[in-house]
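[1] from the sequence below, what's the structure:
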Amino acid sequence: MKNKKNAPELEICDSESSFNFEHILLVDDSPAVINILKRFMTSIGYNRYVVAVDGLEAVELLRQQDFDLVITDIEMPGMDGLGLLKHLREHYPETTSIAITGYSKKYCFIDVIKAGATDFITKPFLIEELEAKLGRICRERTAMRACQYEVKTNKIINDLLHIFLADMKIDKIFTEFMRHLSSLSWLGLEEKGAIFWANNDQSLQLMAGHNLNKSLFTTCANVPFGTCLCGQAAQSGELVFTSHLEARHENTYEGIDDHGHYCVPMKTAAGRLLGVFTLYLKDGTRRLRHVENTLLTVAKTAAVVIQYHLARKKILINEQKFELVLESSPDGIMFVDEDGRILLANRQIERLFGYQRRELLNQNVEMLIPKRFAARHSRHIADFFKNPQRQVISDNFNLWGLRKDGSELAIEAALSPAHTEERNYAIVSIRDNNERRQLQMELKVHREHLEELVTERSRELQESEAQLRAITSSAKSAILMVNTEGLISFWNEAAARCFGWQADEVLNKAVQNFIIPLRYREEHRQGFKKFIETGAGKNVGKIVNVFGLRRSGEEFPLELAISAVKIKNKWHAIAIITDITSRKEAEKELRRRMNDLEKFNRLAVGRELTMIELKKEINRLLVKAGEKERYNIEN
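    Predicted coordinates:
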């Protein structure tokens, strides 16, 4: 209906009736009928009505004020009841009307209904009959409004779901949510509102506001639970309503207009508070059950979608961490299913084998294996999926891969199991073994040369080399990530084996307390301060040898490669760590053996020189005695 000006002060007072009509207009030119209708209104406890004597006066009153029900006579001077009913149907279609009819040659009952009457009553009528008709109209009106509210509520939910599921940042989504919800005039709201997020410190954080006074963005930036109306809704977990400014409305500002509020908590199905949204009402607005039900439905829907966004955000962060670790690995990594199909590959796989990633995905991993090893590879994969346990495949430096150009490269591979509810997978880690293979060949040549000098030393050296080969072939890099606060945010199984700490013991704890020897911790703290500001440091982007600390308190040498990555504009460090204890010990043993061989060689040469001098002396003595020289000594 149209908005009206101030209503005339004609017999309007508060109502205590059970009928759900705000205002009733009585139209009849007969004082007797009007008196009957007045007595009826008084008898049912309803005194909120206005009287008009004809259709024209009724039209003027309708222009000035809203009416829920019009009871009108048909035959009246000026504009008659049929004309008034047609006017109601055209301009006020939501207004209920009852026609008081009598026998007339000018019209029939069908004319009354066609003109727009909701119902009619014939003269003379009983009060009980009028009361029954009003009761039926009220019930139908209530049912109709309930259906309309349900339809409108469903449309709100549908519109809000479109907003919540849009590809926007969460703060933009909250802003659009408040703008749309506060614009729904049929809820009796002002176009003004705000939404708050519940923090862990028992406070609400203002996330978005629509048409708020600028001062509120500071005053209400952080609202403790129990403070003001929104804080009370958060603390109680219940909807808070007020029709005007009152003592509970603690956060105000100069020049604030009187108004009311709905403050609605958003909770998960388990009862955990996610936040609160508040909507503004005109001063004196009545508390309406259907509005509260609609807002509570909106709150439940918002809570579900917010949980979805939080879960999606967590998944995206985990995926980002996974990708950073995957792409920062010095080893090639692939995910392979039970059919041997490649489902994922990192950039190191591209570098090692010369393929683009798109050329590898969904292809069989045997494309990277020389044909002469295909049968052995198939056996390895089949055995792995029968008994999915982590295993390293080095095959005494006789494991080869096949590049895109047809060339082969020596590799070392490790298989680790992974599984979902549907299938099992293998995480294949591949390392370029060409340099190590070349080193092995050089050691072999040198070993053969040394065996010509002393067999025993060669045998010991061969055993030492076998031990070194076993250690290096089984060693895998530890990978860990440290956030901008110096806390460990990622820790793989190799790190657990390397340092002796399980992931659940070190995650979200300071890295220096677990793997850095005490004498280096102050240097680490100073260096890390610079790192979190610039992403640079003494060892960033380099491969260096340093010492680490095991859980047992033992220090050990390690090879460290640190990469700097930025997440949410903050520097994080990814460390690739290889335990080089065995390598260091092997190098020390090799130097010792070379020193021993050098000493042996010097002794042998010295002995030969002594024999030559002895032979020369014997020849001199024979010549002096007049005999021939016995030894032919050449220079």
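[2] could you look up the SS state of the most centrally placed residue in the chain?
    Residue closest to the average C-alpha location in the chain (CA atoms, centre = their mean): Lys313, at 1.5 Å. Here Lys313 is recorded as helix under DSSP: H, G, I helix; E, B strand; the rest coil.
[3] before we move on, what about Lys615?
    With three-state DSSP as the criterion, Lys615 reads helix.
[4] how about it, nearest residue that isn't a chain neighbour?
    In space, Lys615 comes closest to Tyr631 once its chain neighbours are excluded; the distance is 4.2 Å by CB to CB, 6 or more residues apart in numbering. Placement of C-beta: from N, CA and C, glycine included.
[5] quick one: Glu613 and Arg550, what's the gap?
    For Glu613, the distance to Arg550 equals 58 Å [CB to CB, to the nearest Å].
[6] same question but for Ala269, I mixed them up
    From Ala269 over to Arg550 the distance is 46 Å, taken as CB to CB.
[7] show me what the closest residue to Asp339 other than its chain neighbours bridges to in the sheet.
    Ranked by CB to CB, 6+ apart and with sequence neighbours excluded, the top spatial neighbour of Asp339 is Asn364, at 7.7 Å. Applying DSSP bridges to Asn364 yields these beta-bridge partners: Arg341.
[8] wait, doesn't Asn364 sit right on Arg341?
    Yes: if you go by CB atoms under 8 Å, Asn364 and Arg341 touch, sitting 6.2 Å apart.
[9] how near is Lys267 to Ala198?
    9 Å.
[10] what touches both of these two?
    273-274 (CB atoms under 8 Å, 6 or more residues apart in numbering).
[11] hang on, the earlier thing: which pLDDT value goes with the residue nearest to Lys615?
    In this model, Tyr631 is scored at 75, pLDDT.
[12] with His23 instead?
    For His23, pLDDT reads 82.
[13] so who does it touch?
    Counting by CB under 8 Å, 6+ apart, His23 has contacts 7, 12, 48-50, 65-69.
[14] and after the helix or strand bottoming out on mean pLDDT in the chain, which helix or strand comes next?
    The weakest-scoring helix or strand in the chain, judged by mean pLDDT, DSSP states H and E, is helix 455-474 (a mean of 52). Next along the chain after helix 455-474, taking DSSP states H and E as the criterion, comes strand 478-482.
[15] got the contact list for that following strand?
    Contact with strand 478-482 is made by 321, 324-325, 328-329, 488-492, 494-495, 497-499, 511, 572-579, as judged by CB under 8 Å, 6+ apart.
[16] just the buried ones among the residues you listed, please.
    Among those, those classed as buried by 16 or more other CB atoms under 10 Å are 321, 324-325, 328-329, 488-492, 494-495, 498-499, 511, 572-579.
[17] mind checking the SS state of Glu523?
    helix.
[18] what's the burial count for it?
    Neighbours of Glu523 under the rule other CB atoms under 10 Å: 11.
[19] any idea how far it is from Cys147?
    Distance of Glu523 to Cys147, computed by CB to CB: 74 Å.
[20] thinking again about what came up before, contacting residues around the residue nearest to Asp339?
    Here Asn364 is in contact with 339-342 (CB under 8 Å, 6+ apart).
[21] identify the farthest-apart pair in those.
    Spatial extent of those (CB to CB) is set by the pair Asp339 and Ile342 at 10.3 Å.
[22] more crowded one of the two?
    Comparing Asp339 with Ile342 by other CB under 10 Å, the one with more neighbours is Ile342, at 22 against 9.
[23] any regions of the stretch 351-500 of the chain where pLDDT drops low?
    Across the stretch 351-500 of the chain, the ranges flagged by pLDDT under 70 are 394-397, 435-441, 449-476.
[24] compare neighbour counts for Glu613 and Arg550 and give me the winner.
    Comparing Glu613 with Arg550 by neighbour count (other CB under 10 Å), the higher total belongs to Arg550, at 15 against 9.
[25] ok, the nearest residue to that one once chain neighbours are set aside to Trp491 distance?
    Residue nearest to Arg550 in three dimensions, not counting chain neighbours: Gly500, with 5.1 Å by CB to CB, 6+ apart. Distance check for Gly500 against Trp491: by CB to CB, it reads 12 Å.
[26] repeat for Phe531
    Using CB to CB, Phe531 is found at 19 Å from Trp491.
[27] tell me the secondary structure for Leu279?
    Taken by three-state DSSP, the conformation at Leu279 corresponds to strand.
[28] how far away is it from Val33?
    As defined by CB to CB, Leu279 lies at a distance of 45 Å from Val33.
[29] who has more neighbours, those two?
    Leu279 (26 against 18).
[30] was I right to think the more buried one contacts Ser183?
    No: contact status for Leu279 versus Ser183: not in contact, 10.6 Å apart, counting by CB under 8 Å.
[31] now do the contacts for the residue nearest to Arg550.
    Taking CB under 8 Å, 6+ apart, one finds 550-552 in contact with Gly500.
[32] that concludes my questions; thank you for your assistance.
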